[in-house]
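Engineer: after the sequence you'll find the predicted model.
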Amino acid sequence: MITNIPATQFHEFHFVIGESMKENLENLTIYKEKGNISGIIVKILSLLKPVFEKEHKCRKQRNSQYRLVSQNPDEGREHIHTYLPAKMYRHLKLMHHDLNFYSIAQLIRYFLEFFLKLTKEYGDDVLQELGKVYKKWDDENMKNRLTPREVLRQLWIILQLLSGQNKLITVYDCYYTPFRIFKL
């Protein structure tokens, strides 16, 4: 429950979704466990953490294009306040920057739409299907993992190809905050 965790570990985030999305979120079976829209959004985003990472690594640029909150212009809008864990908010903020999304709210709506599409397709088996996909991704990552020597060699090659005098490398910690910035 949120009351057991200090407020500094959460980021209150305000954004807008369409009425139909809110209704679909409230109709999910996991909504009954959480009891409020903020809790269900955080739960869904937590379940999709591997999808975040995959999307972030894919690095498909969104060119900061605005996407409508709803395709139906007559649909009402709902203002949502959700309490995102600080680590999750930081990851979303980095994705917003790196993938050039128009806004963090658009990014959250993107993942919520993705989850709602999965629930339409798989129903109550959505968590099992996600588990299968995550296992497959873990197996692929383990098979394609580079040794530390290969990582350093690859980094050295990339550095040689960078142009300009100011070469910066940012190393992030597990909370997606800059741990160290190296100037080469």
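Structural biologist: Okay, I see it. Numbers count the residues shown, from 1 in each chain.
Engineer: so which helix or strand takes in the one residue sitting closest to the centre of the chain?
Structural biologist: Geometric centre of the chain, nearest residue: F52, 3.9 Å, by Cα atoms, centre = their mean. Using DSSP states H and E, F52 maps to helix 49-58.
Engineer: roughly how far out does that helix sit from the chain middle?
Structural biologist: In terms of Cα atoms, centre = their mean, to the nearest Å, the centre of helix 49-58 is found 7 Å from the chain centre.
Engineer: downstream of it, the next helix or strand is which one?
Structural biologist: strand 77-85.
Engineer: so what touches that next one?
Structural biologist: With contact meaning Cβ atoms under 8 Å, 6 or more residues apart in numbering, strand 77-85 is reached by 2, 9-19, 21-22, 37-38, 41-42, 45, 69-70, 92. Any C-beta I mention is one placed from the backbone N, CA and C, and that applies to glycine too.
Engineer: next: stretch 141-155.
Structural biologist: I169.
Engineer: got the end-to-end distance for it?
Structural biologist: Across stretch 141-155, the terminal residues are separated by 19 Å (Cα to Cα, to the nearest Å).
Engineer: what about it, distance to the chain center?
Structural biologist: 24 Å.
Engineer: about what we covered before: flag every buried residue along the helix holding F52.
Structural biologist: 50-52, 55-56 (16 or more other Cβ atoms under 10 Å).
Engineer: now render the residues you listed as CSV, adding distance to H81.
Structural biologist: Formatted as CSV, the buried residues of helix 49-58 follow (distance: Cβ to Cβ, whole Å):
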residue, distance to H81
P50, 26
V51, 24
F52, 21
E55, 25
H56, 25
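Engineer: so among those residues, where is pLDDT lowest?
Structural biologist: Note: of the buried residues of helix 49-58, the lowest pLDDT belongs to H56, at 74.
Engineer: so the closest residue in space to it that isn't next to it in sequence is in which element?
Structural biologist: What sits nearest to H56 in space, not counting adjacent residues and going by Cβ to Cβ, 6 or more residues apart in numbering, is M95, at 5.2 Å. Element membership for M95 (DSSP H and E) is helix 86-98.
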